[in-house]
Structure formats: C-alpha cells, structure tokens
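J.: I'll drop the sequence and a predicted model, then ask my questions.
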Amino acid sequence: MTQVQALKCPSCNASLEYDGRSETIRCEFCGTTIIVPENMRIGAYQAGYMGDASPEKADSIHRILELVHHGQKIEAIKLYRETFGVGLKEAKDIVDGLEMGKPTAVTYTTVSSSGNNSCGCLLAIVIILFTLGIVVAALVPFTTITQVIEDPQTFIQQVSEGDIQTFVQEVSVQVATVNRNIQNNPLVVTSGGDGMGSDLMVENWQYSNDINNIFLSYTEEKDGRRTVRWETAVGDSSNNMDFNVTYDNQHIYHTSGSTLRALDRASGEQVWQANLSDIVDRRCYGCLRSEQGVVVALTADNTLYGLNAKTGQTLWQARLENDTPVYMEEGFVAVTILKNMAAVLDESAQAGAFGFALKLFDLNNGELMQELIPMCPDDGNFFDPAPFGYYDQVFADEAQDRLFFLWGTSINGAECLEEWDPETGQPIWQSRLPGDASISSSIGRGIVTDWNFSPYFAFNGDTLLLPAYDSGNQGIASVDLNSGELQFYVEGGDYELWPMGVQGNTAVVWGERQRGSKQIEVWGLDVTSGERLWQHPLKAQYLFEMDPFDDKWTYELTNNGLYIVQLFATPNPPELLVQSLNTSTGALNYEVKNTLDDDFWRGISRSPSHLYLTIRALIGVDLQTGKAATEWP
C-alpha cells in the first residue's frame, strides 16, 4: 500500500515532520520551505503512479522560479496560487522565502509496494532529483523530466547506472547553490568589455542547520549567463573575518586562517600552500597583493611577508613596529607597490611619539630601502613641525610610481601636501592648503591608490580633489599634482561637499545640504575656476561607501559620462534607478528603473562595462543600457 514517505530538507538534509495535510513544510534548521502538492497529502495517492506530478505542474514550478529570478514577484505569486490552489498569504509566504534567499523546494515522491520495491525506490530518487534540478537551475532538459513522469519504467530500463551517477552528480552541483547568499564586494578578475561581463570571484555563504559555510566561487559569463567554473571552501561563519583574497594572471590566492593557498585560475586546483604567523583579516584591504612574481601578505600581528608566487616559498618577512591590527576603511589600502618596493605605514622612532613613517621594503628580499617621514613646518614658528600622523593620508599612483603625502594640523596654519620620490626618498615639491583649511580626522587613514575607489578623495591622473574645512565650513580644493599649485577652492556654503572626480573640463562633486531639510545633489564645476556649471538632485540619502543604510546610492565616473545608481527600499518591490549624465552639461543620457527582489545591499565592484552589486544575489548593472539583472546564483 502506498504511504507518505518521511521527508528530508533538500538544503540541509534535516528530517522534517509532516502530518500529511499541510500545504507547506518549513525546515526549522535552515528555513527552507518545501511545497507539498495535493498529490502528496493523505488520500491523494495512487499506487505506483505520480498522480498530480504532471509535466504542466513541473513547468509551472520552473516558471515561478524564473519569475522570482527576474524580479517579477507579483506574477510569481499569482502563478503559484493558480498552480497549487492556495490563498494569497500562503503564496506570498512562499515567494517571500525565495526573495529572502530561502529557496523553496517542490518534492514529488512515491513509495512502491513490496512487489516492485527496487524499481519504486529508484523512481522516487530520480524524480526528487529531477524536481530539485528544476528548482535550482533547470539545467536538465524538460523533455527528460516529462519522460520520467509519463513513462518511468521505460526510462529506467534505458539509462545505465553510470548515467544515473553522472546525472546525480550534475544535479548535486546545482542543488549546492540552494541557500547561497552573496556577501561583500566581488573581486573583478578580468575586466570584460564590449558588453561582456567580467570574471568574478564571489564570496557566498551556504546556510545550514549547524553553521554557515563560506565559499569563494570563480564565476564567468558563458553563453549569455553567469556560471561557476570552480569554487573552494574558505571557512565558515565562526571565522568569517579570517580570510582574504587576491589574484594575478596565473593564480587566485586566498587565506583561510593562517594558511595561504594558491589556486590555478583555470581549474581551481591547489598549486601550493604556505603557513603564515597569523590571519590576514578581511577588513585589511590591500593586505594581500601579488605583484611582479611576489605575493605580499600583511598579517594581523603586523608581519609583512614576501612569497614566491610560483612556489609559495617565503622569500622574506619583516615584523613591523606597530602592534595594533590594521583595519582599513572603505577607500584605503594597507600596502602599495612602488618602484619594486612594498610600502606600508608603521610607527617609527625617528618620527617621534605620535609620528608614523612610510616604510618601503625591497619586493624580492625584504630589505628596508626607505623610511619616509614628512614634516609640515609651522609658518608662524610657534610650534614644532608636525610629523606625519596616524590619521594622515598617503596617495600612491602605482601606474606612474608617484607618491604623495597629505598631513599636518590646523594648529600649524594649514595642511601640507608633498610629492616624494619613492626611490631616492626625497621630496619633489610642497604645497599648503588655503587659509586655515584642514582635513577632518574622521575621514580615516591609510593609502589611497589610483586603482581603488575612494569615497573621500578623487585621485586620478594629474589632479587631486579633496574635501577641506576652512573656518568650520567644508569645501573642495583642487590641486595640480605636477606642481602642487592650488587650482581652485570652492566653499560649500549650506552644503557639505565631497569630490567624485574630474572628466574633461568638469570637476564632479556631490553635496549634502546642512541647512533645512536634507538634500543630496551632484554638481559639475569648471575645472579651472570652480564655477558651478550644473546641479542634479538625488532621491537617495546615503552614499553606500560611507553610510550603508536605507535608500543608498553610488556612482561611477568614466570617459563616457557619470553613472548614478540609487536603491529604494520602498515602494515594494525595491527599485534600482540607474541614470547616465553628461558631465559637461548635467543632461540625462538615460534613466532606467529596475525592479529587484531585495534591498539588502552588501557590496559593490566596478568594471569598465558593469557595476556588480551584492544584494543577497549578484546583480549586474550594464552601464551601456542601465539595465540590471540577477546574474548568480
């Protein structure tokens, strides 16, 4: 006699209690919802036949997942109600589960009588796996699923044991992406271009009943969709800060605990591993680099390593004076590479009790080549020269091997800006900010590079835009990096201003109104005079890289214009607004509204053609069209 089989969660394999009557079962361990069609409930069975498990219903399941995947939540709820005959609340709960990253598995099963036990068991396994295949990625041809459901005996006779094993392995790979939640900033491994997406290393968490496993997945665009080439486990939620990742042309490098591993970029196979003295904290941006055949790692105990990129052999290590773990804020890195030297900020006896130095170590043997200690003199001769301090900034143009320091205090009159030669260790020129201008210590510390996005400074080419306070009011200063001369200083007035960049003859900044109601605006300024040419108001209130709260926005400034992305939690479903502006006039090139499944924004990465946002899933924003799409999983 046919009976209801005991169910297990398809995500975490936990046993599920089912009374035979409920329309859904929710796993108490991982939150996965299992949809129970009517044919699985008491009184709905026919021995040896799947009953309601029709190709039409399976096709509807496929379509529901596609609708959710493309952000069409209302249509998904409607189709679910039509397919399973449930109320609005039940359908909404199921679709909300998918929307929140809690996948819904529809499992058809049957248990045969003892007369054909072996065949019936195989049928149950195959149909469960096929259905999970539909839910996860629908990679198995639908005609094959239909064949199993309509004529299971013939199908089982035709396939070999090897076919079943191969199929199970393929489906298992897809099922493994169930309950994956994308985290933090994807790592752009190749830049893509011409409308093609980039290869990305994506950090993602797999939720289970015990602990959440963390994976790094190498993803690539293939045949118009993003697929996983390979992936590796790097830890779990109990040690989620204990890893870092970088790459070069041959390898992907990542730490897991105090172990550094090199993986082949093409296959993901391990090439070598090495032991370090401590972890490389994920919050230490730039603490893992690969340049010129050397992997540089800065560990949490402030030991700087140089390892052979091909073999993993430790070439050298240097213990820094600073004993405080280095955590970099958004827009800063801990290690820069200039003139075949690895440069880091460190305490120095020569800099005094509160001073810091930039120490440059030979990349191949670790020899300390330079210890740069800038001093900002007091114009009025009332105070000693101000040493370079903890909250001061370094600017490194790695493409041109140029190095700049910005430091000093408002007590000394104004802050100093200098260019230094990293090879000779000598200053080239010195400049001062206007009047009593200074840089706020709340901006953060570290090294600003030409390749890393900074929300506080616009550092590109021959110009540096920086926020400067003068008599309590914040404005924008523009400095010519070839001479150190001030190009202009614009007072913000009622606005607190922050730089975005320079494009052609236009300097682009954004401001937050401090008087009256809050208002965010983007301005275009004449690059020579600082005169405001245009202004563009925004609805979103918080720049993502500064304040990742509700109604966030970010931007990308390229040779083709300015791109602004705004995410709104309301109305429901969330909306992603993408705008393209002409930097000369401020005119809109396009404005595209995209509907998303979620508004929990966790990370962003940039490439020449796309912005990649992690909003539980990986969202790709095509800058050419403004269209956003869920790319993975």
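T.: Here it is on my side, so go on.
J.: pLDDT score for residue 120?
T.: Note on residue 120: pLDDT of 39.
J.: with residue 630 instead?
T.: 91.
J.: just for the stretch 201-350 of the chain, where's the confidence low?
T.: For the stretch 201-350 of the chain, the stretches with pLDDT under 70 are 208-210.
J.: any idea how far residue 573 is from residue 77?
T.: Separation of residue 77 from residue 573 (CB to CB, to the nearest Å) stands at 11 Å. Heads up, the C-betas are built off the backbone N, CA and C, glycines and all.
J.: same thing with residue 506?
T.: Per CB to CB, residue 506 is found 35 Å from residue 573.
J.: in terms of neighbours, single out the busier of the two.
T.: Using other CB atoms under 10 Å as the criterion, residue 506 and residue 573 rank with residue 506 on top: 21 against 16.
J.: list the residues that contact that one.
T.: Residue 506 makes contact with 524-527, 533, 583-584, according to CB atoms under 8 Å, 6 or more residues apart in numbering.
J.: okay, and the beta partners of it?
T.: Residue 506 forms beta bridges with residue 503, residue 526, as assigned by DSSP bridges.
J.: again, but for the one 5 residues further on
T.: Beta-bridge pairing of residue 511 under DSSP bridges involves residue 497, residue 521.
J.: for the remainder of this discussion, apply numbering that starts at 5.
T.: All set: I'll call the first residue 5, so the last point we hit is now residue 515.
J.: state the distance from it to residue 235.
T.: The spacing between residue 515 and residue 235, counted by CB to CB, is 43 Å.
J.: by mean pLDDT, flag the weakest helix or strand of the protein.
T.: The helix or strand of the chain with the poorest confidence is helix 121-140; it has a mean of 39 (mean pLDDT, DSSP states H and E).
J.: any stretches of the stretch 355-504 of the chain with poor pLDDT?
T.: Residues of the stretch 355-504 of the chain that meet the cut-off, pLDDT under 70, sit at 357-358, 381-389, 412-418, 438-446, 474-476.
J.: PyMOL command to pick out the buried ones of the contacts of residue 510?
T.: Restricted to buried positions by 16 or more other CB atoms under 10 Å, the PyMOL selection for the contacts of residue 510 reads:
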select buried, resi 528+529+531+537+587
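J.: what number of residues lie near the nearest residue to residue 556 once chain neighbours are set aside?
T.: Sequence neighbours aside, residue 548 is the residue nearest to residue 556 in space, at 4.4 Å (criterion: CB to CB, 6 or more residues apart in numbering). Neighbour count for residue 548, taken as other CB under 10 Å: 22.
J.: surely residue 548 is in contact with residue 605?
T.: Yes. The pair residue 548 / residue 605 is scored as a contact, 6.3 Å apart, by CB atoms under 8 Å.
J.: tell me where the stretch 155-304 of the chain has strands.
T.: 184-192, 204-210, 217-226, 229-240, 249-251, 255-260, 263-268, 274-279, 292-295, 298-302 (DSSP state E, counting those that start in this stretch).
J.: looking at this, residue 99 is in a helix?
T.: Yes. Per DSSP: H, G, I helix; E, B strand; the rest coil, residue 99 lies within a helix segment.
J.: list the contacts of it.
T.: Here residue 99 is in contact with 68, 72, 77, 80-81, 84 (CB under 8 Å, 6+ apart).
J.: that one and residue 633, how far apart?
T.: For residue 99 relative to residue 633 (CB to CB), the value is 19 Å.
J.: can you tell me the helix or strand for residue 81?
T.: For residue 81, the host element (DSSP states H and E) is helix 77-88.
J.: same check, this time on residue 95
T.: Using DSSP H and E, the element containing residue 95 is helix 92-103.
J.: quick one on the thing from earlier: going by neighbour count, list what's buried in the helix holding residue 81.
T.: With the criterion 16+ other CB under 10 Å, helix 77-88 contains buried residues 77, 79-85, 87-88.
J.: kindly report the same for stretch 227-246.
T.: Neighbour-count burial for stretch 227-246, counted by 16+ other CB under 10 Å, picks out 230, 232, 234-236, 238-240, 244, 246.
J.: try stretch 578-589
T.: 578-587.
J.: picking that back up, just put the strands of the stretch 155-304 of the chain in JSON lines and tack on distance to residue 364.
T.: JSON lines is the format used below for the strands of the stretch 155-304 of the chain (distance: least, CB to CB, whole Å):
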{"stretch": "strand 184-192", "distance to residue 364": "26"}
{"stretch": "strand 204-210", "distance to residue 364": "29"}
{"stretch": "strand 217-226", "distance to residue 364": "31"}
{"stretch": "strand 229-240", "distance to residue 364": "31"}
{"stretch": "strand 249-251", "distance to residue 364": "20"}
{"stretch": "strand 255-260", "distance to residue 364": "22"}
{"stretch": "strand 263-268", "distance to residue 364": "22"}
{"stretch": "strand 274-279", "distance to residue 364": "23"}
{"stretch": "strand 292-295", "distance to residue 364": "13"}
{"stretch": "strand 298-302", "distance to residue 364": "12"}
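J.: and residue 611, which of those strands is closest to it?
T.: Nearest to residue 611 among the strands of the stretch 155-304 of the chain is strand 184-192 (5.1 Å), distances taken as CB to CB.
J.: the closest one pairs with which strands, parallel or anti?
T.: Counting by DSSP bridges, the strands paired with strand 184-192 are strand 204-210 (antiparallel).
J.: contacts for the strand it pairs with next, please.
T.: Strand 204-210 is contacted from outside by 180, 183-188, 190-193, 216-224, 230, 238, 241, 249, 251, 256, 609, 616, 618, 622, 636-637, using CB under 8 Å, 6+ apart.
J.: now, of those, which are buried?
T.: 180, 183-187, 190-193, 216-224, 230, 238, 249, 251, 256, 609, 616, 618, 622, 636-637.
J.: hang on, the earlier thing: which among the contacts of residue 510 gets closest to residue 328?
T.: Using CB to CB, the contacts of residue 510 come closest to residue 328 at residue 529, 38.7 Å.
J.: quick one: that closest one from residue 500, how far?
T.: For residue 529, the distance to residue 500 - CB to CB - is 15 Å.
J.: same thing with residue 379?
T.: Taking CB to CB, one finds residue 379 at 30 Å from residue 500.
J.: by pLDDT, give me the weakest of the contacts of residue 510.
T.: For those, the weakest pLDDT value sits at residue 531, with 88.
J.: dump the residue contacts of residue 373.
T.: Taking CB under 8 Å, 6+ apart as the test, what residue 373 contacts is 345, 364-366.
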